[in-house]
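S.K.: Predicted model, plus sequence, below.
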Amino acid sequence: MSYDFTKTSPAHEQFWMPFTPQRLFKSNPRMMVSADGMYYTDQDGKKILDGIAGLWCTNAGHNHPKIKEAMKAQIDTLDYAPNFQYGHPTAFEAAKRLTDAMPDPFTHVFFSNSGSEAVDTALKIALGYQRAKGDGQRRVLIGRERGYHGVGFGGISVGGIPYTCAYFGQRLPDIDHIVHTWDLEHNAFSKGEPEWGAHLADDLLNTIYLNDPSNIAAVIIEPVAGSTGILPPPKGYLKRIREICDEYGILLIFDEVVTAFGRMGEMSSTTYFDVMPDIIVSAKGLTNGAVPMGATFVTSDIYDTFMNGPREIIELMHGYTYSGHPLACAAAIGTLDAFEEDNILENARKMMPIFEEAVHSLKDKPYVMDIRNCGMIAGVQLENYSDDDPMLRTRTASYELFNRGAVIRYSGPTMQLSPSLTINEKEIDQLVTMLGDVLDDIGSGKVAGVLA
Ligand SMILES: Cc1ncc(COP(=O)(O)O)c(C=O)c1O
């Protein structure tokens, strides 16, 4: 490769990076040049422990041979064929394998290329379903504060992060939100699902009544809010949300872009939480991050509701050029094979309690004000540094960890850990010890803040 990796290279300039402070990054690039298993290799040849599975996606570990093999075989056979009114076998095989892997109610799957597209697909299916049933007045979509549903206009509208909308001054009409479930006073340092907070689901009743129940099409939530800081649902909360949706004929969408494909030790967190929505949104772990793909799973009731009218008419006016791309479908099949072959779910289930104990051991480290975990995800929340630069500490910890050989993610005041599900006890210990040491060194002033 002819790319100049020296830190001051002007070659860094052209790439407008996603969700990245361009000038900070380009003054001190953190580049990964290869990856295998639990580790990246950076531009200096240093091994970096990946504590966040890429971006919550390489659940089976980087560079998995089964997935590579499936993709290579596919690219040698068929690089591309449209799925608009033609088809190719790998898409049908992937749909069958994936719906078999998901819980029983999910019989059909619509493919896209990202979590954001899979979310928008789910929202459109929900609105289209209500219309197909003769309930076209049901147009209101309800999300939750601190929800993240990607960056499409649908996703930022139902999402509950103010600045993702405020930046653009626009969002969709007919959207409302319910309150989030984070509560430091009652739930700080809960292990797994907090005991307190099921009653917060009743906020959905307020929102429903404010908008008139007959106007509501769907509710979308992440079973465990990921990007805004790891917020596991209080015990009983998701069941109550399901009950309320059932009572008022409202569709329930779970955005499982993070929680599906093993994060909770199950293919879908719906099994873990024992609550079935009507639609599941997934991406990321679906192809183990090897190639972009989103998948929106629906029940037969939803699919069948669309299957009326003349046979020659398109039932759902929606699709992407790359919906069910051969390479992505091959990667999804390879991922399912890897899960089976390597007993990935079993390892995740085995590691979950070990991971929980390890992250909670950070409780007394400097500035730690809350630790939250569920399945193989954890968040360590630090006290804000100042109103002007609340993230100074999490940003500094992330940069310092990279210097010492580990990657984790920070979002706002929370350090997020979500390693590949192939991780072992030793690697969990290594990751958490490194984070603890960095926090100690920030606390003692040994490590200086990384200024934006
Ligand atoms: C819950 C959730 N939904 C949707 C998305 C968007 O996925 P993508 O970045 O693939 O568009 C993400 C990404 O982190 C996510 O965490």
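M.R.: Nice, thanks for sending it over. Since the structure is predicted, the reported quantities are computational estimates derived from the model, not experimental observations. Numbering: from 1, shown residues only.
S.K.: Tell me which residues touch residue 336, please.
M.R.: Contact analysis of residue 336 by Cβ atoms under 8 Å, 6 or more residues apart in numbering lists 97-98, 101. Bear in mind the C-beta positions are built from the backbone N, C-alpha and C, glycine included.
S.K.: now the residue of the stretch 101-250 of the chain found nearest the ligand: how far from residue 259?
M.R.: Closest residue of the stretch 101-250 of the chain to the ligand, Cβ to the nearest ligand atom: residue 115 (2.2 Å). Distance, residue 115 to residue 259, by Cβ to Cβ, to the nearest Å: 12 Å.
S.K.: Next, show the common contact partners of those two.
M.R.: Contacts common to residue 115 and residue 259, judged by Cβ under 8 Å, 6+ apart, are absent.
S.K.: So what does the residue of the chain most remote from its centre look like in phi/psi?
M.R.: The centre of the chain is farthest from one residue, residue 310, which by Cα atoms, centre = their mean lies 37.7 Å away. Dihedral pair for residue 310: phi -60, psi 140, per degrees, to the nearest 10.
S.K.: Could you tell me the model confidence score at it?
M.R.: If you check residue 310, the pLDDT there is 95.
S.K.: Close to the ligand: what parts of the stretch 101-250 of the chain are there?
M.R.: By Cβ under 6 Å from any ligand atom, the residues of the stretch 101-250 of the chain that approach the ligand are 114-116, 119, 148-150, 222, 226-227.
S.K.: Count the residues that sit near the residue of the stretch 101-250 of the chain closest to the ligand.
M.R.: Neighbourhood size, residue 115 [other Cβ atoms under 10 Å]: 30.
S.K.: same thing with residue 346?
M.R.: Residues lying near residue 346 (other Cβ under 10 Å) number 12.
S.K.: Need the pLDDT of residue 214.
M.R.: Reported pLDDT for residue 214: 97.
S.K.: Now do it against residue 137, distance only.
M.R.: Taken as Cβ to Cβ, the span from residue 214 to residue 137 is 6 Å.
S.K.: what's the answer for residue 128, then?
M.R.: In terms of Cβ to Cβ, residue 128 sits 14 Å off from residue 137.
S.K.: Settle it for me: which of these two has more neighbours?
M.R.: Neighbours were counted for residue 128 and for residue 137 using other Cβ under 10 Å; residue 128 has more, 19 against 13.
S.K.: what residues are up against that one?
M.R.: With Cβ under 8 Å, 6+ apart, residue 128 has these contacts: 306, 316, 318.
S.K.: Apart from its neighbours in sequence, what residue is nearest the second one?
M.R.: The shortest distance from residue 316 to any non-neighbouring residue, by Cβ to Cβ, 6 or more residues apart in numbering, is to residue 306 (5.7 Å).
S.K.: pretty sure the one you found is in contact with residue 129, am I right?
M.R.: Yes. Residue 306 is within contact range of residue 129, at 7.1 Å (criterion: Cβ atoms under 8 Å).
S.K.: SS state for the closest residue to the ligand within the stretch 201-350 of the chain?
M.R.: The ligand sits closest to residue 257 of the stretch 201-350 of the chain, with a gap of 3.5 Å, by Cβ to the nearest ligand atom. Of the three states, residue 257 takes coil according to DSSP: H, G, I helix; E, B strand; the rest coil.
S.K.: If I look at it, what pLDDT would I see?
M.R.: At residue 257, pLDDT is 98.
S.K.: Would you mind listing where the protein has pLDDT under the threshold?
M.R.: Applying pLDDT under 70 to the chain picks out residues 1-11, 452.
S.K.: According to the record, where do the domains of it fall?
M.R.: 31-60+343-443, 65-341 (automatic domain parsing).
S.K.: Disregarding residues adjacent in the polypeptide, which is nearest to the residue most central in space within the chain?
M.R.: Geometric centre of the chain, nearest residue: residue 258, 2.7 Å, by Cα atoms, centre = their mean. In space, and not counting its chain neighbours, residue 258 is closest to residue 226: 3.9 Å by Cβ to Cβ, 6+ apart.
S.K.: Am I right that that neighbour is in contact with residue 260?
M.R.: No. Counting by Cβ under 8 Å, residue 226 does not reach residue 260; the two are 11.4 Å apart.
S.K.: so where do the helices sit in the stretch 251-400 of the chain?
M.R.: 269-273, 300-306, 326-341, 344-360, 392-404 (DSSP state H, counting those that start in this stretch).
S.K.: now these in TSV, with distance to the ligand?
M.R.: Formatted as TSV, the helices of the stretch 251-400 of the chain follow (distance: least, Cβ to the nearest ligand atom, whole Å):
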stretch	distance to the ligand
helix 269-273	11
helix 300-306	20
helix 326-341	12
helix 344-360	18
helix 392-404	17
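S.K.: Determine which stretch of those is the most buried.
M.R.: helix 326-341 (a mean of 24; mean count of other Cβ atoms under 10 Å).
S.K.: and that helix, how far from the chain's centre?
M.R.: Distance of helix 326-341 from its chain centroid, counting by Cα atoms, centre = their mean, to the nearest Å, is 19 Å.
S.K.: try stretch 397-414
M.R.: 18 Å.
S.K.: and that stretch, C-alpha only, in CSV?
M.R.: Taking Å, rounded to 0.1, in the frame of the first residue of the first chain, the C-alpha atoms of stretch 397-414 are listed here in CSV:
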residue,chain,number,x,y,z
ALA,A,397,-8.9,7.8,28.7
SER,A,398,-9.7,6.7,25.1
TYR,A,399,-6.6,8.3,23.7
GLU,A,400,-4.4,7.0,26.5
LEU,A,401,-5.8,3.5,26.2
PHE,A,402,-5.0,3.5,22.6
ASN,A,403,-1.4,4.6,23.4
ARG,A,404,-1.2,1.6,25.8
GLY,A,405,-2.7,-0.9,23.3
ALA,A,406,-6.5,-1.0,23.7
VAL,A,407,-9.5,0.4,21.9
ILE,A,408,-12.8,1.2,23.6
ARG,A,409,-15.4,3.7,22.7
TYR,A,410,-16.5,6.8,24.6
SER,A,411,-19.7,8.7,24.0
GLY,A,412,-20.3,11.6,26.3
PRO,A,413,-19.3,10.8,29.8
THR,A,414,-19.4,7.0,29.3
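S.K.: Restricting the selection to alpha carbons, write stretch 286-293 to CSV.
M.R.: Output of stretch 286-293 as CSV, limited to C-alpha atoms (Å, rounded to 0.1, in the frame of the first residue of the first chain):
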residue,chain,number,x,y,z
LEU,A,286,-25.1,-9.6,11.1
THR,A,287,-22.1,-9.8,8.8
ASN,A,288,-19.5,-9.6,11.6
GLY,A,289,-18.7,-6.1,10.2
ALA,A,290,-17.0,-7.6,7.2
VAL,A,291,-19.3,-5.9,4.7
PRO,A,292,-22.2,-3.4,5.3
MET,A,293,-25.6,-4.9,5.8
